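A.B. asks: what shape does this take:
(6 chains)
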Protein chains: 6
Amino acid sequence: MKMPISRYPVPELDRLPKDLRERILQVQEKAGFVPNVFLALAHRPDEARAFFDYHDALMLRESGLTKGEKEMIVVATSAANDCLYCVIAHGAILRIYEKAPLLADQVATNFLKADLTPRQKAMLAFAMKVSRDAGSLVEDDHERLRAHGFSDEDAWDIGAIAAFFALSNRMANLIGLRPNDEFYLMGRMKR
Amino acid sequence: MKMPISRYPVPELDRLPKDLRERILQVQEKAGFVPNVFLALAHRPDEARAFFDYHDALMLRESGLTKGEKEMIVVATSAANDCLYCVIAHGAILRIYEKAPLLADQVATNFLKADLTPRQKAMLAFAMKVSRDAGSLVEDDHERLRAHGFSDEDAWDIGAIAAFFALSNRMANLIGLRPNDEFYLMGRMKR
Amino acid sequence: MKMPISRYPVPELDRLPKDLRERILQVQEKAGFVPNVFLALAHRPDEARAFFDYHDALMLRESGLTKGEKEMIVVATSAANDCLYCVIAHGAILRIYEKAPLLADQVATNFLKADLTPRQKAMLAFAMKVSRDAGSLVEDDHERLRAHGFSDEDAWDIGAIAAFFALSNRMANLIGLRPNDEFYLMGRMKR
Amino acid sequence: MKMPISRYPVPELDRLPKDLRERILQVQEKAGFVPNVFLALAHRPDEARAFFDYHDALMLRESGLTKGEKEMIVVATSAANDCLYCVIAHGAILRIYEKAPLLADQVATNFLKADLTPRQKAMLAFAMKVSRDAGSLVEDDHERLRAHGFSDEDAWDIGAIAAFFALSNRMANLIGLRPNDEFYLMGRMKR
Amino acid sequence: MKMPISRYPVPELDRLPKDLRERILQVQEKAGFVPNVFLALAHRPDEARAFFDYHDALMLRESGLTKGEKEMIVVATSAANDCLYCVIAHGAILRIYEKAPLLADQVATNFLKADLTPRQKAMLAFAMKVSRDAGSLVEDDHERLRAHGFSDEDAWDIGAIAAFFALSNRMANLIGLRPNDEFYLMGRMKR
Amino acid sequence: MKMPISRYPVPELDRLPKDLRERILQVQEKAGFVPNVFLALAHRPDEARAFFDYHDALMLRESGLTKGEKEMIVVATSAANDCLYCVIAHGAILRIYEKAPLLADQVATNFLKADLTPRQKAMLAFAMKVSRDAGSLVEDDHERLRAHGFSDEDAWDIGAIAAFFALSNRMANLIGLRPNDEFYLMGRMKR
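C.D. replies: Numbers count the residues shown, from 1 in each chain, chains lettered A, B, ... in the order given. Down below sits the predicted model:
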């Protein structure tokens, strides 16, 4: 029984507003296919624009975190939220950025057992607390990050990515968003 | 010991990019003061723009839910996430929209004991599941909404608001966002 | 849909045993109205007498805690137990005792973000552990209180108030006890 | 390493106020020894009086529940709260009342696997919900009791006993109350 | 309503394969009766053989833990898993090995309040973490054991016993395994 | 930072007892490599023998479940237990048995969103309850299986596999068992 792309209507690309269509065509050109999240969320263009703007503001921003480290946060917190789309799609991106074919599955299953540095595990511990119980954050949590060389702005990055994917995971689960088959294999071969 | 507005630097209004400044001045004109979330999140203008765009896309959208009902979702899920800013600020808005001075405190504490219709309680039960455990949503949850006359688009609204405030609550807790004192008393007097 | 005062019969004042009636009239004289808990619990006079005796033994007792600090414990633990009556009624008392119009809502939502001293936060952390998981209390928990100047008798006060409201919250939720409308606004105006 | 009776001072019987002393002597005459809860709580006479009055009002009251069924509620909820004193002391009483040497250990470990009637299991399911999550009680929970012939007053009994031992368990864990050795063996021999 | 020995067919001893029958007869000779786990699991002889081999490999092995300490782990983790058979049967064995009539009930209810050494409580804290959340084990957990003189092999023993009874408890709950009446009273009399 | 195969000594193959060595050589011949679990658990030969006997008794047994369905249970429950080794190794086997390159990642992340039949989802729901909270199993859970055509023996299979991997997951997390790199890619290519 193959699950659909979304339990909501998925718009066709050429029916979308021009700005969204062009944005999606750019992604398609780069990735070789259109990730389902773009079409499925475009069912509501205004929300989709804000979603992708927010994503880019966080994920493309210069930061004390590498692009791979940001994806670690996405994969670890999305797995904790049982979000199939985000684990599969961002797992692919994590493998590619880090050139580490095993890493995404490790981080998704148990980051404490993954091939990571202590600094990266401290980063993920903070992200997981934001994801699971942000209301109990105290200054000691920030102190633990500082002990690994993270700045206050890095803490914002870590927490804000965990927070954005708290939204993203819930949207994907709400609409039953199916990952594109292409993601599952991307980045798994050593070069 | 009075807590600060944010554990991060709070920019001054006249140092902000023009579009954000004008957006904030509009809010100030309408509300009579600048809600702290605007200044505190403007510490990062790109993220702030996306945040407010997203908020407006959801909260100002025509919907099968009234504006008051949308605020019920915000208050109930924000209380479950221990988010002081959102409970206080949106509690004020809920009181005003519904002209119901008692309702926000009821919904924040225990929506099952609040002065609501069975339909509104079903709406909040769905929102709470999205907020707490979206990964376990099944078609039966949607069916329960339909039994109260909610459409699939209404279900998106309910779930998306719960999802957006999953983000918002985590950001507010991450930065220790303090509600403006003004919110606490707004809408508490019967007219 | 307005919820009733109790899902059980609420006795009329002049049908109550004399001692209970006089006790309630005294409260009415002081507060200006009869808090619903008195009439609703008086459905069973023997249990009601013991309930109010227990309450007074703890809350009126001379202590290393101020009367306002005792109410902080009530509000924080009652919110954790989703008890509408206790959050609303004791929130009002907390605002009045502490002359702090914002404090009750802060403590009910997230005491870590409230305008409290570190000592008061340590007091509430101990109370929350008694409320949520008293079975795992160890001497280290008592040690943390002592580090803030609390005596062993203060620890009893903190724990016993949390324990008494563990009872009180469950009774209020069992009978669906509705707070009097008056409580919502009490103590919210600065003097 | 033998644990003490209480981490607080335990008063000697002849130093207690006369009414408490006589109350305790009566218990001693009946049981053959003084249960530790009496002396340990008498460290604070006012609270102790209210505690025992409350206990007696609930447990000695005529009811649709048998005395043994009331003790089942105590044992099941006290075990869920990891309360050594209440499980051991009330387990003894349950064995004696029900003339059932195996029953207390069954109920303390897993009431679903105990030698009970479906009606008694429904009673305990309601009590456990009051004990663990009273805030989520809804009319359906009461309906399930009614389906087994329980009246609304019986529901109050069940819930109020669970609520009183929510208090009692927390007090016992707070002070580290040690059960008398005598309780462990009482009622274990078939007659 | 007396619960049966198992919700699955319980084979008769003389219908079992010879090796299992002889194994069981040996136990019967030693214990004076056949513990229900032997007959109930023998419904599937291959699984039963592996189960008892595994049990013996762990429980009969020379170790830095005494035989009584191993049983403490069984009782504490089985109680956390609400497993009636294991709590009752291994509680009896624990009482006998330790010549401590009160100990099993203490450990089953709340090991923090039991008459144990700090070393034994550290052992049980590690076992409980393996039982409840082995995925979050870190080197600090092993370090805490070492501080009490436990070797790495002792840590394997502690963790492996907790792991084996994670299996055992689930099997017993799956089949509704009833403890033999004999276990309840064994070891309760001081000699 | 690459994690080791085990935090315990890993024996060399030619130092193992003959029966274990031959068993492992057989696996090596079939799989092309020695899965780490064999060497790591062989640190204790008696426990290893019982472990593999138990595994084979369950997983090689004729059953109303296909071999692929058994692996679904392993993957779903191991993911819930954050067990890296079991998710990766049995994920590979699941992909191969079912000739379904996407299925293991789906089941590990959220079986409700996986390409499965309703019958398979009911099987996994039962397995997850055994894994997480076997103590609360009731006849209704068995009834739900029967509604999908599962027999009582099938229910034993489902529950026993979940129970065995409750053990296996805890052992793997206790010793920090690292999956062989080979598993990550196995079965991912469509044929």
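A.B. asks: contacts only, for the closest residue to chain D within chain A.
C.D. replies: Nearest residue of chain A to chain D (C-beta to the nearest C-beta) works out as A:G135 at 17.3 Å. Bear in mind the C-beta positions are built from the backbone N, C-alpha and C, glycine included. A:G135 makes contact with B:81-83, B:169, B:173, C:110, C:112 under the criterion C-beta atoms under 8 Å, 6 or more residues apart in numbering or on different chains.
A.B. asks: likewise A:D105?
C.D. replies: Contacts of A:D105 by C-beta under 8 Å, 6+ apart are A:91, F:84, F:87-88, F:105, F:184.
A.B. asks: how does it look with 7 Å?
C.D. replies: By C-beta atoms under 7 Å, 6 or more residues apart in numbering or on different chains, A:D105 lies in contact with F:88, F:184.
A.B. asks: what mean pLDDT does the helix or strand where it lies have?
C.D. replies: With secondary structure defined by DSSP states H and E, A:D105 is part of helix A:103-109. Throughout helix A:103-109, pLDDT has a mean value of 98.
A.B. asks: and what of stretch A:2-10?
C.D. replies: 96.
A.B. asks: same question, stretch A:80-87
C.D. replies: Rounded mean pLDDT across stretch A:80-87 is 98.
A.B. asks: ok, that stretch near chain F or not?
C.D. replies: Yes: residues of stretch A:80-87 contacting chain F under C-beta under 7 Å from any C-beta of the partner chain: A:82, A:84, A:87.
A.B. asks: in chain A, what residue is nearest chain E?
C.D. replies: Closest point on chain A to chain E, by C-beta to the nearest C-beta, is A:N110, at 5.3 Å.
A.B. asks: count the neighbours of the closest residue to A:R170 other than its chain neighbours for me.
C.D. replies: Sequence neighbours aside, B:A163 is the residue nearest to A:R170 in space, at 3.6 Å (criterion: C-beta to C-beta, 6 or more residues apart in numbering or on different chains). B:A163: 27 surrounding residues under other C-beta atoms under 10 Å in any protein chain shown.
A.B. asks: what are the buried residues along the helix or strand harbouring B:A163?
C.D. replies: For B:A163, the host element (DSSP H and E) is helix B:152-175. The neighbour-count criterion (16 or more other C-beta atoms under 10 Å in any protein chain shown) identifies B:153-175 as the buried residues of helix B:152-175.
A.B. asks: how near is the residue of chain A closest to chain E to F:C83?
C.D. replies: The spacing between A:N110 and F:C83, counted by C-beta to C-beta, to the nearest Å, is 7 Å.
A.B. asks: and for A:R144?
C.D. replies: A:R144 is 26 Å from F:C83, by C-beta to C-beta.
A.B. asks: who has more neighbours, these two?
C.D. replies: Set A:R144 next to F:C83 and count neighbours by other C-beta under 10 Å: F:C83 wins out with 30 against 14.
A.B. asks: spatially nearest residue to the more buried one (excluding sequence neighbours)?
C.D. replies: Spatially, and ignoring its direct neighbours in sequence, F:C83 is nearest to F:N169 (3.7 Å; C-beta to C-beta, 6+ apart).
A.B. asks: ok, now which ones touch A:A163?
C.D. replies: Contacts for A:A163 (C-beta under 7 Å, 6+ apart) come out as A:130, B:167, B:170-171, B:174.
A.B. asks: and those as a markdown table, adding pLDDT?
C.D. replies: Below are the contacts of A:A163 laid out as a markdown table (pLDDT from 0 to 100):
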| residue | pLDDT |
| --- | --- |
| A:V130 | 98 |
| B:L167 | 98 |
| B:R170 | 98 |
| B:M171 | 98 |
| B:L174 | 98 |
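A.B. asks: tell me which residues of the helix or strand hosting A:F51 are tucked away?
C.D. replies: Take DSSP H and E as the rule and A:F51 turns out to sit in helix A:45-59. Residues A:46-55, A:57-59 are the ones in helix A:45-59 that count as buried (16+ other C-beta under 10 Å).
A.B. asks: tell me who's in contact with A:D82.
C.D. replies: Contacts of A:D82 (C-beta under 7 Å, 6+ apart): B:135, F:109-110.
A.B. asks: let me fix that: A:L84
C.D. replies: Shown in contact with A:L84 (C-beta under 7 Å, 6+ apart): A:179, F:106, F:109-110, F:113.
A.B. asks: host element of A:V10?
C.D. replies: Using DSSP H and E, A:V10 is not contained in any helix or strand.
A.B. asks: and what of A:Q28?
C.D. replies: Secondary-structure assignment from DSSP H and E places A:Q28 in helix A:18-31.
A.B. asks: how about A:K190?
C.D. replies: Using DSSP H and E, no helix or strand contains A:K190.
A.B. asks: next, count neighbours for the residue nearest to it when sequence neighbours are not counted.
C.D. replies: Of all residues not flanking A:K190 in the chain, A:P101 sits nearest, at 5.9 Å (C-beta to C-beta, 6+ apart). By other C-beta under 10 Å, 18 other residues sit near A:P101.
A.B. asks: for A:P101, give its distance to F:E182.
C.D. replies: 11 Å.
A.B. asks: can you list the neighbours in contact with stretch A:58-74?
C.D. replies: A:86, A:90, A:93-94, A:97-98, A:107, A:120, A:123-124, A:127, A:150-151, A:153-154, A:157-158, A:160-162, A:164-165, B:47.
A.B. asks: give me the mean pLDDT for it.
C.D. replies: Stretch A:58-74 comes out at a mean pLDDT of 97.
A.B. asks: alpha carbons only: can I get that stretch in PDB?
C.D. replies: Extracted in PDB, the C-alpha atoms of stretch A:58-74 (Å, rounded to 0.1, in the frame of the first residue of the first chain):
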ATOM      1  CA  LEU A  58      18.200  29.900   9.000                       C
ATOM      2  CA  MET A  59      19.900  27.300   6.800                       C
ATOM      3  CA  LEU A  60      21.800  29.600   4.400                       C
ATOM      4  CA  ARG A  61      22.900  32.100   7.000                       C
ATOM      5  CA  GLU A  62      26.600  32.400   7.800                       C
ATOM      6  CA  SER A  63      27.100  30.800  11.200                       C
ATOM      7  CA  GLY A  64      29.500  29.300  13.700                       C
ATOM      8  CA  LEU A  65      27.900  26.000  12.600                       C
ATOM      9  CA  THR A  66      28.800  24.300   9.300                       C
ATOM     10  CA  LYS A  67      26.100  23.500   6.800                       C
ATOM     11  CA  GLY A  68      26.500  19.900   7.800                       C
ATOM     12  CA  GLU A  69      26.100  20.600  11.500                       C
ATOM     13  CA  LYS A  70      22.900  22.400  10.800                       C
ATOM     14  CA  GLU A  71      21.600  19.300   9.000                       C
ATOM     15  CA  MET A  72      22.600  17.200  12.000                       C
ATOM     16  CA  ILE A  73      20.200  19.300  14.100                       C
ATOM     17  CA  VAL A  74      17.500  18.800  11.500                       C
END
